[in-house]
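**Q** A predicted structure for the sequence below; I have some questions about it.
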Amino acid sequence: MSPTSGARPTTADHILAIDQGTTSTRAIVFDSKGVPRGSSQLEHRQLFPAPGWVEHDAAEIWRNAQSVIEGAMRQAGVAAESIAAVGITNQRETVVLWDRATGEPVANAIVWQDTRTQAIVDRLAEGHGINRYTEATGLPLSTYFSATKILWLFEQHPELRERAERGEVLFGTTDSWLLWNLTGGAGGGVHATDVTNASRTLLMDLRTLDWDATILGELGIPRAMLPEIRSSSETYGAVASGSPLDGVPVAGILGDQQAATFGQAAFSRGEVKNTYGTGNFLIVNTGTEIVRSKHGLITTVAYQLGEQPAAYALEGSIAVTGSLVQWLRDNLGLISSSAEVEQLAASVEDNGGVQIVPAFSGLFAPHWRPDARGVIVGLTRYATKAHFARAALESTALQTWEVLEAADADAAAPLEELRVDGGMTANSLLMQFQSDLLGVPVVRPKVTETTALGAAYAAGLAVGLWSGLDELREHWQEDARWEPRMPVEERDRRRRVWRKAVERTLDWVDDDTSAALPRG
Ligand SMILES: Nc1ncnc2c1ncn2[C@@H]1O[C@H](COP(=O)(O)OP(=O)(O)O)[C@@H](O)[C@H]1O
Ligand SMILES: O=P(O)(O)OC[C@H](O)CO
């Protein structure tokens, strides 16, 4: 652990968390009870240069981070003296490559949803299958994780690999990018990440928590470009001068889904949270044991606090849930805001036989089928846009049921209730349907910004603002609860119909469907 820039004033009893998400960057100032006191949020541009491609401008993200830090501090009415530490949480897997000397990104960031690297994935899987690196990394080969995105940039710009070997070009997920910039950037920024983010790159060995030399060698990814892997809760460095956070230690980093798990106080083995955002991410804490799924979940690091042993998790990652609602709004124009989907869906009694499977990026967990594409089935002339709205919401709950079923089959989740968070949990109709479909209560906490809260917790623990996990557990307060009320026969019927609909998505992309799968 590196030392902080000096002792913080005893009045420093707030934590500032930066949540660098897929669609926006927010900063939230929390007090010592974990209550938000001020926040600020800015969206960044989503760049879609070709079908299946999704990019961000990392320089824009850094500018936004600086503005929201200032905005949140202003709203909370606090200065650096009142802030004990900074925590960072972030969209995972997204690849940023930047020039160490100039501090500028060398290309647009390639986002986790981007499917352009399918040809590289196919090549790596040839003769090995998609589980070539699963033993070490916990992950199947997929366009989702960072490694193939780095390889794609090397293939397009061969000079980048040589420059990376010389340590001139650095790689990071957006946590590393923000940490490096906050701590001084080209003037000596800290190049580090935490175990949870590293566990999503396809380059880290889950058992050693270090970069895997064999994988790096086989892929030709130079170690010199990779950040140092640190725990999720320790002092990485202090914020450089010129920022309103001048001198404040950065002391917590967690990938956003792991941060939400931490913010939900799901610290014990078997505890589960589900986040409903752009996509859905179900995480089951498996304690210090590395559990291997036989049913399509991935194994990942949940968190590591300082020098303590890491906690691991099983994860069910679903690529498209809230973004389907955005698609109804932006591409089909059926609604004018995401929230409006609830009213439209509630205007009909049921889905009128319509089923939507939003396999826009193929299917992630538990299927891992890149050849799948979205379908809308069950259409008759009876179907209206209200049925579409209902089917869209139902697809979120049904995909969640599938990953929970996988978790149950792996005997990791004797689920008694589901803790939920994220933007879509504002939707009561969806939450009720989720509870009906699972047959267990669905519970939402008072602080729904659990992602930022988790990063704040990790940072606050590192600097001694909180005594330990028991104290944090006491912060958790229930806000709303939905109890199952659907008859079991109906629930089973809905699950059966869903399985049929999923089958209709498979084997859609052929080798010659080039428009749907850019080959780079
Ligand atoms: N009331 C609502 N009903 C359904 N979906 C919603 C509602 N409000 C927001 N969403 C969806 O939730 C997502 C935003 O959630 P959020 O947790 O902020 O996402 P992220 O962190 O992934 O950017 C968007 O995809 C939006 O379409
Ligand atoms: O930024 P979010 O909330 O869409 O989360 C993205 C995930 O980290 C992708 O793995």
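**A** Yep, that arrived. Ligands and ions are numbered 1, 2, ... in the order given.
**Q** how much space is there between the spatially closest residue to residue 114 that is not a sequence neighbour and residue 349?
**A** Using C-beta to C-beta, 6 or more residues apart in numbering and skipping the chain neighbours, the partner closest in space to residue 114 is residue 54 (4.5 Å). Glycine gets a C-beta too; all of them are placed from N, C-alpha and C. With the distance defined as C-beta to C-beta, to the nearest Å, residue 54 ends up 36 Å from residue 349.
**Q** now swap in residue 47 and tell me
**A** Distance from residue 47 to residue 349, by C-beta to C-beta: 41 Å.
**Q** of these two, who's got more company?
**A** The neighbour count for residue 47 versus residue 349, taken as other C-beta atoms under 10 Å, is higher for residue 47 (14 against 8).
**Q** check contacts around the nearest residue to the more buried one once chain neighbours are set aside.
**A** Closest residue in space to residue 47, ignoring its immediate chain neighbours: residue 55 at 4.0 Å, by C-beta to C-beta, 6+ apart. The contact partners of residue 55, by C-beta atoms under 8 Å, 6 or more residues apart in numbering, come to 47, 48, 49, 108, 109, 110, 111, 114.
**Q** ok, now residue 169?
**A** 97, 98, 99, 100, 106, 160, 163, 225.
**Q** run the last query once more with 7 Å
**A** Contact analysis of residue 169 by C-beta atoms under 7 Å, 6 or more residues apart in numbering lists 97, 99, 106, 160, 163, 225.
**Q** of those residues, grab the buried ones for PyMOL.
**A** Per 16 or more other C-beta atoms under 10 Å, the buried members of the contacts of residue 169 correspond to this PyMOL selection:
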select buried, resi 97+106+160+163+225
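**Q** residue 246 and ligand 1, how far apart?
**A** According to C-beta to the nearest ligand atom, to the nearest Å, residue 246 and ligand 1 sit 28 Å apart.
**Q** pLDDT score assigned to that residue?
**A** pLDDT, residue 246: 96.
**Q** doesn't it fall inside a strand?
**A** No. Assessed with DSSP: H, G, I helix; E, B strand; the rest coil, residue 246 is coil; it does not lie in a strand.
**Q** so how far is ligand 2 from it?
**A** In this view, residue 246 and ligand 2 are 28 Å apart by C-beta to the nearest ligand atom.
**Q** for that residue, what are its contacts?
**A** So residue 246 contacts 80, 239 (C-beta under 7 Å, 6+ apart).
**Q** could you give the average pLDDT over stretch 493-509?
**A** Averaging pLDDT along stretch 493-509 gives 95.
**Q** and it, which residues are buried?
**A** So, applying 16+ other C-beta under 10 Å, buried residues of stretch 493-509: 494, 497, 498, 501, 502, 504, 505, 506, 508, 509.
**Q** alpha carbons only: can I get that stretch in PDB?
**A** Output of stretch 493-509 as PDB, limited to C-alpha atoms (Å, rounded to 0.1, in the frame of the first residue of the first chain):
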ATOM      1  CA  ARG A 493     -46.500 -21.500 -18.400                       C
ATOM      2  CA  ARG A 494     -44.700 -18.200 -18.700                       C
ATOM      3  CA  ARG A 495     -41.300 -19.800 -18.200                       C
ATOM      4  CA  ARG A 496     -42.100 -22.500 -20.800                       C
ATOM      5  CA  VAL A 497     -43.200 -20.000 -23.500                       C
ATOM      6  CA  TRP A 498     -40.000 -18.000 -22.800                       C
ATOM      7  CA  ARG A 499     -37.800 -21.000 -23.500                       C
ATOM      8  CA  LYS A 500     -39.500 -21.500 -26.800                       C
ATOM      9  CA  ALA A 501     -39.000 -17.800 -27.700                       C
ATOM     10  CA  VAL A 502     -35.300 -18.000 -26.800                       C
ATOM     11  CA  GLU A 503     -34.900 -21.000 -29.200                       C
ATOM     12  CA  ARG A 504     -36.100 -18.800 -32.000                       C
ATOM     13  CA  THR A 505     -33.100 -16.400 -31.600                       C
ATOM     14  CA  LEU A 506     -30.400 -19.100 -32.000                       C
ATOM     15  CA  ASP A 507     -28.300 -19.800 -35.100                       C
ATOM     16  CA  TRP A 508     -29.400 -16.600 -36.700                       C
ATOM     17  CA  VAL A 509     -25.900 -15.100 -37.500                       C
END
